[in-house]
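Colleague: Build the 3D model from these lines:
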Amino acid sequence: MDKYDFIKMILKRRDVSVNDKRRGIFLATQELEQKTPIPKDEDNTKAKVKKMPKHAPKDTASFLSLFEERDAFKYLTHDFDSNSEVNYSSFISQVRQKFKEATKKFTIPPSLYATMNVFLNGGVDRDGKPKTWTAWNGEQYEESYASPVWMEWIQQNPGKHLTKNAQFNEVIMAFRSTTRLIKPALEKIIEREKEKYQNLCITKRQLDNADFYTHVRYLTRGIERILDDMSKYDDFNKIDISFSRNYVSEPAKMIIKITQVDSEAHNIEEVIKRFKSGAGAFNEIAKDFWGYCNWSVEALWDGQAKRWNILKDEGDIPDIEDVDREEINGFTHVLTYFKKI
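Modeller: Next comes the predicted model:
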């Protein structure tokens with residue numbers, strides 16, 4: 001009989017006194033403490049906190065630019081060139097290798113890695129069910145470049161791209177819409193929000209040039225959260241959403257502005273203090289934009305025109321900056337995405 005069985009027997013016996021049972025519990029506790037290893041990176045007083053990766057939207061832009069390169073990710077969402085002789089096995093092997101190399105080279109958000117990884121490599125969860133990836137509109141898909149049905153079709157149709165199959169093409173286009181934002185998609189997002197927030201009068205301007213790579217689902221969720229927060233202020237129901245591009249530097253800046261016209265703000269230090277405490281809607285918004293774009297808010301804060309840089313990728317940019325009062329026409333969220341030229 002080992003020590004554990006002996007202790008269990010003592011605790012079960014009715015003829016053992018309470019004091020002796022207490023002694024047994026004490027011995028059991030000591031035994032467990034001696035036998036149970038403590039992880040080296042943890043202690044008994046604090047749970048290990050999972051840290052977010054570095055906020056690096058320019059890295060994300062560089063990673064996503066690989067969807068424009070023939071020897072990288074382009075043919076995942078585009079048909080092969082008419083004069084190319086593609087061996088599908090070598091092609092997909094090359095893409096997977098490029099994905100490994102790129103994710104080591106660039107710091108990208110975990111959500112982008114997970115979506116891309118499942119679409120490319122498939123896999124199963126702990127219950128043995130196929131892993132899923134989520135499209136920009138919230139729909140979930142099991143299909144991937146590792147799906148047996150896809151692989152079988154490839155073998156039966158050598159040299160043809162999966163987009164030639166209407167059913168597969170629908171899934172591939174859903175993934176393409178999840179990694180690239182274009183004008184129709186941005187308009188669709190805004191129109192959907194207009195239906196949801198009937199108390200807001202939303203206008204859109206200069207969306208024609210909207211075209212850049214990002215994780216569109218997280219852009220959508222961020223905009224939803226911003227408008228949800230704005231909808232709480234009935235006195236300021238005019239919302240202006242605009243898009244602009246800036247090619248002065250590399251990478252280029254793709255800028256979305258969401259303005260609650262004529263709305264002002266209170267003490268900026270108090271708002272920042274609340275944000276840093278982890279409270280408020282802005283913390284949820286930050287989770288959606290982290291790693292994808294820089295995020296600032298421009299407004300009149302107690303009558304003073306200031307810009308609060310909430311998410312920034314350059315250390316020399318201050319948290320708070322003064323701005324020209326004439327440029328302020330309300331409480332404005334500025335989302336700066338990047339695009340490799």
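Colleague: can you pull the contacts of the closest residue to residue 56 other than its chain neighbours?
Modeller: Nearest residue to residue 56 in three dimensions, chain neighbours excluded: residue 107, at 4.2 Å (Cβ to Cβ, 6 or more residues apart in numbering). For every residue, glycine as well, the C-beta is placed using N, CA and C. Contacts for residue 107 (Cβ atoms under 8 Å, 6 or more residues apart in numbering) come out as 53-54, 56, 59-60, 291.
Colleague: Model confidence for residue 189, exactly?
Modeller: Looking at residue 189, its pLDDT stands at 89.
Colleague: neighbours of it, just the number please.
Modeller: 19 (other Cβ atoms under 10 Å).
Colleague: what does residue 305 give?
Modeller: Count around residue 305 with other Cβ under 10 Å applied: 16.
Colleague: Mind giving me the packing neighbours of the helix or strand harbouring it?
Modeller: Using DSSP states H and E, residue 305 sits within strand 304-311. Judged by 3 or more Cβ pairs under 8 Å, 6 or more residues apart in numbering; DSSP states H and E, strand 304-311 is in contact with helix 268-276, helix 281-289, strand 294-301, strand 320-322.
Colleague: What distance do you get for residue 333 to residue 179?
Modeller: From residue 333 over to residue 179 the distance is 23 Å, taken as Cβ to Cβ, to the nearest Å.
Colleague: neighbour count winner among those two?
Modeller: Just comparing residue 333 and residue 179: by other Cβ under 10 Å the higher neighbour count belongs to residue 333, 25 against 22.
Colleague: State the distance from the residue nearest to residue 56 to residue 290.
Modeller: In terms of Cβ to Cβ, residue 107 sits 11 Å off from residue 290.
Colleague: need the contact list for residue 337.
Modeller: Per Cβ under 8 Å, 6+ apart, neighbours of residue 337: 57, 61, 212, 214, 219, 253-256, 292-293.
Colleague: Confirm residue 278 sits in a strand?
Modeller: No - under DSSP: H, G, I helix; E, B strand; the rest coil, residue 278 falls outside any strand and is assigned coil.
Colleague: what pLDDT, on average, does the helix or strand hosting residue 220 get?
Modeller: Assigned by DSSP H and E, residue 220 belongs to helix 216-230. On average, the pLDDT along helix 216-230 is 94.
Colleague: In that helix, which residues are buried?
Modeller: Across helix 216-230, burial judged by 16 or more other Cβ atoms under 10 Å covers 216-227, 229-230.
Colleague: So what touches it?
Modeller: Against helix 216-230 from outside (Cβ under 8 Å, 6+ apart): 109, 111, 115, 134-138, 177-181, 185, 189-190, 193, 196-197, 200, 202, 236, 239, 256, 258, 260, 263, 281-282, 284-285, 288-289, 292-293, 331, 333, 335, 337.
Colleague: Buried only: go through those residues for me.
Modeller: For the contacts of helix 216-230, buried by 16+ other Cβ under 10 Å: 109, 111, 115, 134-136, 177-181, 185, 189-190, 193, 197, 200, 202, 236, 239, 256, 258, 260, 263, 282, 285, 288-289, 292-293, 331, 333, 335, 337.
Colleague: Please export the C-alpha coordinates of the helix or strand harbouring residue 62 as PDB.
Modeller: Element membership of residue 62, judged by DSSP H and E, is helix 57-64. Coordinates of each C-alpha in helix 57-64 appear next as PDB, following Å, rounded to 0.1, in the frame of the first residue of the first chain:
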ATOM      1  CA  PRO A  57       0.800  47.800 -38.200                       C
ATOM      2  CA  LYS A  58       3.600  48.400 -40.700                       C
ATOM      3  CA  ASP A  59       4.700  44.800 -40.300                       C
ATOM      4  CA  THR A  60       1.100  43.700 -40.800                       C
ATOM      5  CA  ALA A  61       1.000  45.800 -44.100                       C
ATOM      6  CA  SER A  62       4.300  44.200 -45.300                       C
ATOM      7  CA  PHE A  63       3.000  40.700 -44.500                       C
ATOM      8  CA  LEU A  64      -0.300  41.300 -46.300                       C
END
